[in-house]
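*Asks:* Build me a model:
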Amino acid sequence: QVRLVESGGGLVQAGGSLRLSCAASGRTFNRYAMAWFRQAPGKEREFVAGINWSGATTYYADSVKGRFTISRVNAMNTVYLQMNSLKPEDTAVYYCAARPSIVVVTTKGDYDYWGQGTQVTVSS
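*Replies:* Modelled structure (predicted):
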C-alpha cells in the first residue's frame, strides 16, 4: 500500500513558476513508476509527466514539454514537478500517481495509487 500526499499548488500569474511535491509512504518507493496527471473542470484527467523507478527515464505530454520537469529523490520518497512558463491553460487539479512497476505508462487506468490532488491556478 502506498499513500501519496501532494503539496505546492497555488495561484500564480502567467509566465510564473511553481514546484509541486508528492511525498509517498512505504519502504518500496524505488520500485514504483511515478507520474503527474491533471484535471481541469469539465475535462478528463490527463497525463502530464512520468518518471521511471530510477529517474533515468522521463516522459512528458506535448503540451508541457520544455516547460515542466519531473524528478524524484528515492531516499526521500518524493517526486517533484517543476513547472515553468505557466499558462492559463495549465490551470487544473494536479494529481500524483504511482504504479508498482519499473515502467512508466501514460494511461491513468494503469496507476494503482493516487493522491488527493493540489490546485494550480494560473491567471492571465
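*Asks:* wait, Pro88 sits on Gln13?
*Replies:* No. Between Pro88 and Gln13 no contact is recorded; they are 9.7 Å apart, counting by CB atoms under 8 Å. (Glycine included, C-beta is placed from N, CA and C.)
*Asks:* Quick check: neighbours shared by the two?
*Replies:* Val122, Ser123 (CB atoms under 8 Å, 6 or more residues apart in numbering).
*Asks:* Now do stretch 112-124: everything it contacts.
*Replies:* Contacts of stretch 112-124 from elsewhere in the structure, counted by CB under 8 Å, 6+ apart, are 1-14, 16, 18, 20, 22, 38-39, 83, 86-100.
*Asks:* Quick one: buried ones out of those residues?
*Replies:* Under a neighbour-count criterion of 16 or more other CB atoms under 10 Å, the subset of those counted as buried comprises 2, 4, 6, 8-9, 12, 18, 20, 22, 38, 83, 86, 90-99.
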